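Trainee: Structure here, sequence nowhere to be found:
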Ligand SMILES: CC(C)(COP(=O)(O)OP(=O)(O)OC[C@H]1O[C@@H](n2cnc3c(N)ncnc32)[C@H](O)[C@@H]1O)[C@@H](O)C(=O)NCCC(=O)NCCS
Ligand SMILES: Nc1ncnc2c1ncn2[C@@H]1O[C@H](COP(=O)(O)OP(=O)(O)OP(=O)(O)O)[C@@H](O)[C@H]1O
C-alpha cells in the first residue's frame, strides 16, 4: 500500500482539497475524524481527558469541545498533555484503518493530518502535499468559518508551525489562495503524481 500525506494548517483548505481528491477516486483518511472517534462517549480516550481536564464533559456526557479548546489553544503545557492522550490513539486508529483498506485491496491512501509535519510523520510517508495560503488569508478564513475573534484565531495559529515553514518539507505545494478552480487544477496534478509513484 502506498501512503501519502496531506497537510496544511487550520483553515488552509485541507477539507476542500480532500473533497476534490475523493472526487478523483482517492481514499482519504481524515485524522480530525479519527481524533473525534477516539473521544466518543464510553471510550478510554474520553475517560483520560475527563481525568486530566476536569469540567470539560458536558451534561450529555460528551466532550465540550469549545471548553477544551479554550484550555489548550494558547497554553502549550495543556496542549502537550492533550496530545499525549489523543495522538497515540489517533495513530492506532489510523493503522487499523490502513489494515482495513489493505485487506480490501486498496492500492494507495492519502492521510490528511493537520499536525503531520509537527509530528515528524513526513519522514515515513511516500510524499506530502501541503495546502498553503498566505497567513493573513488563513486567519481571515478561520475567523469567518468558525466565528472566532482575532485573538482566538491567533491562539490557534500559534499552536501550529507556520505554513511557510512547512513548505520546506512538502513534496508538492497546493496554493489555495486563488479560486476553487485554480485549486482543483493543482489537485489534479498532485493526484496524477501520486498515481505515477505507485
Ligand atoms: C481541542 C479540541 C477539542 C477542539 O475541537 P474543535 O472542534 O474546536 O476543533 P477540531 O477538532 O475540529 O480541530 C480544528 C483544527 O484545530 C487544529 N488542532 C486541533 N488540535 C490541535 C492540537 N492539539 N494542536 C494544534 N492544532 C490543533 C487542527 O488544525 C484542526 O484541524 C480538538 O481539536 C482536539 O481534541 N484536539 C486534540 C486532538 C488533535 O491533536 N487533533 C488534531 C489532529 S490528530
Ligand atoms: N480557494 C478557496 N477560496 C475561497 N474560500 C476557500 C477556498 N478554500 C477554502 N475556502 C474556505 O476556507 C475555509 C477553510 O477551508 P477548509 O475547511 O477546507 O480548511 P481545512 O484546512 O480543512 O480546515 P480545518 O483543518 O481547520 O478543518 C472554509 O470556510 C472554506 O470554505
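Mentor: Sure, I can see it. Computed from a predicted structure; not experimentally measured. Ligands and ions are numbered 1, 2, ... in the order given.

Trainee: Tell me the residues of the chain that contact ligand 2?
Mentor: 8, 10-16, 114, 141, 145, 176, 179-180, 183 (Cβ under 6 Å from any ligand atom). C-betas here are computed from N, CA, C, even on glycine.

Trainee: If you rank those by neighbours, which is first?
Mentor: With neighbours taken as other Cβ atoms under 10 Å, the top of those is residue 8, carrying 29 neighbours.

Trainee: nearest spatial neighbour of it, skipping sequence neighbours?
Mentor: Leaving aside its chain neighbours, residue 8 sits nearest to residue 131 (3.5 Å; criterion: Cβ to Cβ, 6 or more residues apart in numbering).

Trainee: Quick one: end-to-end length of stretch 112-130, please.
Mentor: End-to-end span of stretch 112-130 (Cα to Cα, to the nearest Å): 10 Å.

Trainee: about what we covered before: tell me the bridge partners for the residue nearest to residue 8.
Mentor: Assessed by DSSP bridges, residue 131 has beta-bridge partners residue 174.

Trainee: now it: how far from residue 1?
Mentor: From residue 131 across to residue 1, the span is 23 Å (Cβ to Cβ, to the nearest Å).

Trainee: Looking at those two, which one has more neighbours?
Mentor: Counting neighbours by other Cβ under 10 Å for residue 131 and for residue 1 shows that residue 131 has the greater number, 30 against 14.

Trainee: who's in contact with the helix or strand hosting residue 154?
Mentor: In this structure, residue 154 sits in helix 150-158 according to DSSP states H and E. For helix 150-158, the external contacting residues (Cβ atoms under 8 Å, 6 or more residues apart in numbering) are 9, 10, 73, 74, 135, 138, 139, 142, 143, 146, 148.

Trainee: which among those residues end up buried?
Mentor: 9, 10, 73, 74, 138, 139, 142, 143, 148 (16 or more other Cβ atoms under 10 Å).

Trainee: will you turn these into CSV that also has distance to ligand 1, secondary structure and pLDDT?
Mentor: Formatted as CSV, those follow (distance: Cβ to the nearest ligand atom, whole Å; DSSP: H, G, I helix; E, B strand; the rest coil; pLDDT from 0 to 100):
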residue, distance to ligand 1, secondary structure, pLDDT
9, 6, coil, 95
10, 4, coil, 95
73, 7, coil, 93
74, 11, coil, 87
138, 10, helix, 98
139, 13, helix, 98
142, 9, helix, 98
143, 14, helix, 98
148, 10, coil, 96
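
Trainee: Brilliant, that's me finished.
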